[in-house]
Structures are given as structure tokens and as C-alpha cells.
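A.B. asks: Make a model of this:
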Amino acid sequence: MIFKKIAEKIEKTNLLYLFTFLFLITFALYFFSLFNGFVWDDEEQILKNFIIQNISNLPYFFTSSTFNTGGAGLSGWYYKPLMPVTFSLINFVFGLSPFFYHLFDLIIHFVNGILIFLLFKKLFDFSKYKFSKTVAFLLSLLFIVHPVNVESVAYISSTQEVLYVLFLLLALFCSFKFLTGKENSWLKLLIINFFILCSLLSKESGIVSIPIIILLTYLINKSKIKIVSIASFLTFIFYLILRFPIAKTPFSQHSQIIPISEATLTQRFMTIPFELFSYVRLTFFPLNLFVAQHTVIKTLSDSRFYLDFLFLLILLSILILVLKKFWTKNLIFFIGWVVFTFAILLNIYPLDMTIAERWMYGPLIGLLGILGFVCLEAVKKNIKYLGVFIFVIILFSAVFFVRSFIRTFDWKDDLSLFSHDIKYNFDSFDAQNNLGVALFEEGKILQSEPYFKKSIKLSPKWWTPYNNLGVIYQRQGKIKEAKIMYQKSIDNGNYYLAYENLAQLKASTENPKQVLPFIESSLKVLPDNEALNKVAAFLYVKTGEVQKAKFYATRTYQLDQSEANYLFLKEILNEK
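C.D. replies: As a prediction, this is how the structure comes out:
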């Protein structure tokens, strides 16, 4: 009965000690990741994103899209203003040190673990289960150490994941207090919907907070379901007003470079068994972890369709038998949680990847909740099940801790990440390109070239590898070939780096008067691009149009008040 004694010990332990233990586990697991650099999209979203580096832009984040476009503001169809707000605040206090961005994500992950513990305990206590504290504690521990969450915590541009779940959990925590109270507290209802709105503003996945809270209301206090539903609906309408009329994000926009986005509806449905199987694998057997997964199942004869479908049928049958034996109506809440959170991941409405480990951050909570209720219902029938549960969770937590700890080192830098992940994901167009970039930045220029060519072959409509290949050709003195690659990048996606590179190359190799039309047309697309404004100032000096040169030099300094731009402006202003 050693496990029963462990449970009794946990039940008597002060919450402060339990929370301290969870913090130490979190800190130990992610300690070395604090010293990792900016990886993958971090460069675009933080390092080269001058918009987030100015604290005065905070209101702007709520009136625009999310992604940096290098001179045309923030654009795209994503609307996640609290992510750039977070980046801007961290930058304002600590600068561009990746350490503090990683530290922020670590802290939020720990807080989410605590909130999961408190939420689970409240739900288990509400159902009057014994050992609710023990089960809630072990499940929160499993959440903290689970390898599928490493991408959400170690990858700074996944801050959106930890944020939307944070506000979802806060909304649920407040909802529980509101629903168990006898009277309607308008203040509590306001706070709940404030957190719902924050979840939505952190990531679109925050939409799941509304049906999840309504379902919780249905189970705990049906008399309040009308007021909760109306309040949630009004919050959602307010969010839509922010997103569309104010921020003017497009209603729908699918990228032509994403395989799952280009797939037909039939192909996306055929891919669902593979997606579900992959998430099951990640949950129970997360041995191989890798990013940028773009698999699309295109025929029924693909073994990844029919074998995965068969596996899921067998798994579902086993699950139904288990749930039938240990059924409780409270399972409806977490089953609903799993259904709602997975529904938005299965590319019925196409996303920017087929599968992403970071997307499991929210659904994992629902799966753990099901596990918790099944365990407690089983213990209620036979105390011996408690020992089995404790042993299995401790074993899995230990193994998962080691796996997660190892995975954090893959996120050290781009070279570490993509040189590791491409072994499991060789046909990923963006992984190929990103490994090429990492090799290039290490000075291994010749080694990087084949990866850019492979990326172009896999996704000929993508603009980024054309620009990167152009840089290599320019380094090799192949000026004509470089210009062709830069132009191809511009034609495919108006890529701001291609505009900059082509403008600078033209300025150094062609007649200034012949280059100026290209510069002017480029500035119409990217009016706030520092490099283009600087090239324009340089060319107008060459053509003797000093006043225009002074205008663009001044604009350059306004965009980036660096010492180099100040000296450049001073030099131009001295021109006569």
C-alpha cells in the first residue's frame, strides 16, 4: 500500500510545497533553454521586427494583423495582438535578449500548470472524490513535463499558445466561482469575459473558451446558462469588431505555398486519420519530435489513411469500453474539451501546417482531465486502482521529463533544430530552406545551396528560398542569376528582403536613373522599409536631385535612429 501512503502524504501537504515542487521541476526542465537563441520565426517576429521594438506602438497592435512585412506594417490574416504586445513589453524592459523571452514563457507554463491543478481539484472536489488533490497534482506534473509542450515553451514565437491557454484557464477558474455562487455577480461575469477576450486576442484558438465555459455551465449550474451564453456571444461580437472593421484582417486567406491549404476538401478529410494518429503518438509515445509537418494524404490507397483509420477505430473501441465501465457525467466536460480543441486542428478549415506539436498545448488538458475522472471513478470502485494510477503517472513523468529535457537542446539555434528535425521530415519545404539559412549563417555557403534548391523544388511558389539562393549567387559573382532569383521572390510574394537585396544590387551595378523607377515602385509596396529609403536617398544624390535625397535620408533616420543612419543623414544634408 505504498502508493496509498504517497497519496495520503500528498493530500496532507501544504499547497505551497506542492507548487514549489512543480516550479523546481519546471525550472530544472527548461533551465538550459533559457540560454537558447532566437529560432525560426523569432527572427522575423522579434529580432527584425522594429515595430515591436517601439513601446509607443502598443495601440497599433490592436488595429492591425500580426506578422512583420519589413516596411508595410503588420499584415496577414492572423490577429493575435497580445503576442506582439508581450514581445514589445519584454523588449521595453529587457531589450532584445532571448533569455527574458524564454523566461517569460517558462513562467507562464508554470502558472498554467498551477491553474490546471487548481481547476482539476475544484472539479474533482465538486464531484466529491477522494484523493482529488493527489490526482490533480500528478496530472499537472504530467502536463508540465510532457514533451509535446516543449515547442510551445522553448519556441518564443509560440508564446501565443501559452497565452491563450493561460486566459482560458483563468476564465474557467473564475467561471467555477461564478457558477457555484447563489447570485449573479456582474463583476465576476465581466472578469470571465475579459479573460475570454484575452484568450481570443492571444490566438484564434481562444474561440474554444466559449463552448467549453458554456458546457461547464450546463454541468454545474444550468440556471445560469442563458446569461453566460449571452455574455460570451457579446464578447465574441466585440472581438469580431476588433478583428475585421478595426484591424481589417481578411476574412479568409489561404497560402498557395502550404500543401494542406492547397489540398482539396476530400484530401483534407482523408488526412484526418493521419493527423489524429500523429497526435495520439505524440501524447503517448513522443519519441520523434520535429517541426514543419506538411503531410497530405491524397488517395485512399495510402497506408497512412487506412492503417491509421483502423488503429483509431480499435483505440476508440477500447476507450468506449473503459469509459462505459468508469462513466461519470462529469466526463462530458473534458470530452467536450477534447472535441472542441481538436476540431480546430484537423484542417477542415486549412491551417498553415498539417500537424504542429505546439497545437497540442490546449487539447492535452482535456485528455488529462478525462484520465483524471476515469482514475477517480475507478478508485471509487476499487482502491487498488489508485496504486496503478500513481505508478503509471510517476513512470511516465520521469520518462517524459528526460525526453523533454533532451528536446530543449534541439531548440538551441536554427542549425541545431533543423539539422535534427530534417532527419524525420526530409520533404518539408520550409525545414529545407531553414536549414540552408542556418548553414549559410555559419559560413557554410556551398553546403547551404542544395537546401534552397530542394526547398524550391518542393514548393516552387514560395518566395523565401529564391531570395536566399539569390544571395548565394550574388556572393559567387553571378549577378544576372542573383537578380533573376530576387525578382522571382518578389513576383511570388512581395518578399521585403528580396526588394532590399535587389534594390541594393541594382544600385551598385546599374545606372542610377534606370534603377530609380524600380525603387519608387518598391517604396509604394514597402513605404516604411529603411533599406529602400536609404537606397533611394543614395540614388537621388547620384542623379543630382538633392531635395529628394534629403527627404529619403530623413525618412531613413526616422525609421531607425541609429548612429549609422544619423551620419548618413548628416552627410546628405551637407550636399548642395
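
A.B. asks: pLDDT below threshold where in the stretch 101-250 of the chain?
C.D. replies: Counting by pLDDT under 70, the stretch 101-250 of the chain has no low-confidence residues at all.

A.B. asks: All the helices of it, residue numbers only.
C.D. replies: 132-145, 150-154, 159-180, 186-202, 209-220, 225-241 (DSSP state H, counting those that start in this stretch).

A.B. asks: Mind checking those helices for the one nearest to Met360?
C.D. replies: helix 150-154 (8.2 Å; C-beta to C-beta). Any C-beta I mention is one placed from the backbone N, CA and C, and that applies to glycine too.

A.B. asks: which other residues reach the closest one?
C.D. replies: 30, 33, 36, 102, 105-106, 109, 158, 161-162, 289, 291, 356-358, 361, 404, 407-408, 411 (C-beta atoms under 8 Å, 6 or more residues apart in numbering).

A.B. asks: What's the first helix or strand after the helix or strand of the chain with the lowest mean pLDDT?
C.D. replies: Ranked by mean pLDDT, DSSP states H and E, the weakest helix or strand in the chain is strand 74-75, scoring a mean of 61. As assigned by DSSP states H and E, the chain's next helix or strand after strand 74-75 is helix 82-94.

A.B. asks: Look at Phe194 and say how many residues are nearby.
C.D. replies: Residue crowding around Phe194 was assessed by other C-beta atoms under 10 Å; the count is 15.

A.B. asks: Same check on Arg304?
C.D. replies: For Arg304, the neighbour count with other C-beta under 10 Å is 15.

A.B. asks: What confidence value was assigned to it?
C.D. replies: If you check Arg304, the pLDDT there is 95.

A.B. asks: Help me confirm that it is found in a helix?
C.D. replies: Yes. Going by DSSP: H, G, I helix; E, B strand; the rest coil, the assignment for Arg304 places it inside a helix.

A.B. asks: you'd agree it is up against Leu310?
C.D. replies: No. With contacts counted by C-beta atoms under 8 Å, Arg304 stays clear of Leu310, the gap being 11.3 Å.

A.B. asks: now stretch 539-546, how far from the centre of its chain.
C.D. replies: How far stretch 539-546 lies from its chain's middle: 45 Å, per C-alpha atoms, centre = their mean, to the nearest Å.

A.B. asks: ok but Ile297 is inside a helix, no?
C.D. replies: No. Ile297 sits outside any helix when classified using three-state DSSP, being coil.

A.B. asks: now the helices of the stretch 101-250 of the chain as JSON lines including distance to Pro465?
C.D. replies: Formatted as JSON lines, the entries for those read as follows, by distance: least, C-beta to C-beta, whole Å:
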{"stretch": "helix 132-145", "distance to Pro465": "37"}
{"stretch": "helix 150-154", "distance to Pro465": "23"}
{"stretch": "helix 159-180", "distance to Pro465": "26"}
{"stretch": "helix 186-202", "distance to Pro465": "31"}
{"stretch": "helix 209-220", "distance to Pro465": "38"}
{"stretch": "helix 225-241", "distance to Pro465": "36"}
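
A.B. asks: what about those, which gets the closest to His420?
C.D. replies: Distances from His420 to each of the helices of the stretch 101-250 of the chain were compared by C-beta to C-beta, and the smallest falls on helix 150-154, at 12.6 Å.

A.B. asks: Can you list the buried residues in that closest one?
C.D. replies: With burial defined by 16 or more other C-beta atoms under 10 Å, the residues of helix 150-154 counted as buried are Val150, Glu151, Ser152, Val153, Ala154.

A.B. asks: so how far is that helix off the chain centroid?
C.D. replies: Averaged C-alpha coordinates place helix 150-154 at 9 Å from its chain's average position (C-alpha atoms, centre = their mean).

A.B. asks: pull the CA atoms of that helix into PDB?
C.D. replies: As requested, the backbone C-alpha atoms of helix 150-154 are provided in PDB (Å, rounded to 0.1, in the frame of the first residue of the first chain):
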ATOM      1  CA  VAL A 150       8.400  21.700 -25.400                       C
ATOM      2  CA  GLU A 151       7.700  23.500 -28.700                       C
ATOM      3  CA  SER A 152       5.200  25.800 -27.000                       C
ATOM      4  CA  VAL A 153       7.600  26.700 -24.200                       C
ATOM      5  CA  ALA A 154      11.100  26.700 -25.900                       C
END
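
A.B. asks: for the helices of the stretch 101-250 of the chain, which one sits closest to Thr509?
C.D. replies: Proximity to Thr509 (C-beta to C-beta) singles out helix 159-180 among these, at 41.7 Å.
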